[in-house]
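Q: sequence-free structure coming up:
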């Protein structure tokens, strides 16, 4: 079980880094890792990044502690967990120094990370929400390693409170549904929403928030029927949802087992849904079951390909951001290093003592930038790197939109296949039979059986009435 704590560092960044990197605590530096900086020059690199900060703030950095019970993990495991923990919490945006302390029987990680991101120069926001996210990530990683997780504290909402809790998204959804009923056109719909005290924001998407919330909610996140274009279609009465609901699994449904009446309703409900499924299958021009299965498989592959490409582009952007940071620091430190090389040999030692971190950092950056030198032995152009980054960001935007469309198509067609599989009693682990029974014939037979089951019951009721 890992316990987590976090507190800001306002004035003692250098001392804090020195403390957590103590050789007696980290087995002579064996358990020290960094991201976006070097341990020896971390304080200076944090300061350089902070100079470009957007918005004011007193905090230089944050000190995050992750502590384990005695004999729960080995030093190697503790450090490995700490690395995964820091990477997921900080998302590759903040420089950090990670040190694992093994001088006590309870091994623990110290993570000092910059208060300012070197990617977008925004300050880290530390509040209850971010802390609970830290806790959740720590618990998730501990669970992956087979460790116990922290029990929920009594301060969290009780079960009864959770049952009565209504989310802000649900309130907006309900308000939109009501306003669509009364609206004459789209502008009238917005007037109705404003009358309900909602603040409206429009760009390519539609956003709402009430006076109790600081953040807007994008209607796309509520559901497809709440996208900007589809709201207009709903007002006009021309919106047709594309999705088909999933059949009820009567065999394993608890309500069906508890109530015969519900089971009978579920059978009729499934008949309607499978009929609707057939109509959609024919509308899509799907020839047979093999064609349906192939389309699901193809969409699944495309979905994975686009997700992998987005992931790859984001990794490349992270590398470019790190390279941009190194180039900027190299150019800022170069005058100091050149001044150092021009110094009289008698004054060199004194100058080095006063600018040790800057000179050491410049030398390290020189070595790290060597693989990036162009054919004519020059540093890469910042303009070209920024242009490549912007191209990748544009590609991610397009791929994200494409991924969303493919996901919608996949979800729809996957439901069609699940409905057919459930109706034909084809289990996922079973091999697909070479000759499939006719869905239409089985549907007709199922309808006939249902009618026959209902007839005797109706006849008996009439006889009872006559008696």
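A: Looks like it arrived, so ask away. Being a predicted model, the structure only gives us computed values, none of them experimental.

Q: Domains in the chain, by residue range?
A: With domains defined by automatic domain parsing, the chain comprises 2-144, 168-236, 301-408.

Q: Would you tell me which one of those domains is buried the most?
A: Mean neighbour count (mean count of other Cβ atoms under 10 Å) peaks for domain 2-144 among the domains of the chain, with a mean of 18. For every residue, glycine as well, the C-beta is placed using N, CA and C.

Q: re the thing from before, kindly reformat the domains of the chain as CSV and extend each row with distance to residue 256 and mean pLDDT.
A: Shown next, in CSV, are those (distance: least, Cβ to Cβ, whole Å; pLDDT from 0 to 100):
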stretch, distance to residue 256, mean pLDDT
domain 2-144, 34, 92
domain 168-236, 27, 90
domain 301-408, 30, 92
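
Q: Can you lay out these as TSV showing distance to residue 277?
A: As requested, those are arranged in TSV below (distance: least, Cβ to Cβ, whole Å):
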stretch	distance to residue 277
domain 2-144	37
domain 168-236	18
domain 301-408	17
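
Q: looking at those, which is closest to residue 250?
A: Residue 250 sits nearest to domain 168-236 of all the domains of the chain, at 26.7 Å, using Cβ to Cβ.

Q: need the contact list for residue 107.
A: With contacts defined as Cβ atoms under 8 Å, 6 or more residues apart in numbering, residue 107 is in contact with 67-68, 72-75, 78, 100-101.

Q: neighbouring contacts of stretch 403-412?
A: 224, 242-244, 280, 296, 299-300, 302-303, 306-307, 310.

Q: One more: stretch 381-399?
A: The contact list for stretch 381-399, computed with Cβ under 8 Å, 6+ apart, reads 306, 309-310, 313-314, 316-317, 320-321, 323-324, 327-328.

Q: Surely residue 17 is in contact with residue 39?
A: Yes: using Cβ atoms under 8 Å, residue 17 is in contact with residue 39, at 7.4 Å.

Q: Quickly list what's touching both of the two.
A: With Cβ under 8 Å, 6+ apart as the test, residue 17 and residue 39 both reach residue 97.

Q: Quick check: longest helix in this protein by residues?
A: Longest helix of the chain, by residue count under DSSP state H: helix 289-342.

Q: continuing past that one, what's the next helix or strand?
A: Per DSSP states H and E, helix 289-342 leads on to helix 345-354 as the next helix or strand towards the C-terminus.

Q: Can you show me the strands along the stretch 151-300 of the chain?
A: Per DSSP state E, counting those that start in this stretch, the stretch 151-300 of the chain carries strands over the ranges 199-202, 206-209, 217-218.

Q: okay if I get those strands as JSON lines plus distance to residue 414?
A: Shown next, in JSON lines, are the strands of the stretch 151-300 of the chain (distance: least, Cβ to Cβ, whole Å):
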{"stretch": "strand 199-202", "distance to residue 414": "33"}
{"stretch": "strand 206-209", "distance to residue 414": "28"}
{"stretch": "strand 217-218", "distance to residue 414": "25"}
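
Q: between these, which one is nearest to residue 58?
A: Short answer: strand 206-209, nearest of the strands of the stretch 151-300 of the chain by Cβ to Cβ, at 29.3 Å.

Q: rewinding a little: okay, the angle between the longest helix of the chain and helix 345-354?
A: Counting by axes from the mean of the first three to the mean of the last three Cα atoms, to 10 degrees, helix 289-342 lies at 140 degrees to helix 345-354.

Q: I'd like to know which elements helix 289-342 is packed against.
A: Judged by 3 or more Cβ pairs under 8 Å, 6 or more residues apart in numbering; DSSP states H and E, the packing partners of helix 289-342 are helix 42-50, helix 345-354, helix 356-369, helix 382-423.

Q: next one: that helix to chain centre, how far?
A: Remark: helix 289-342 is offset 17 Å from the chain centroid, using Cα atoms, centre = their mean, to the nearest Å.

Q: returning to what we had before: can you tell which of the helices and strands packed on helix 289-342 is closest to residue 257?
A: helix 382-423 (16.8 Å).
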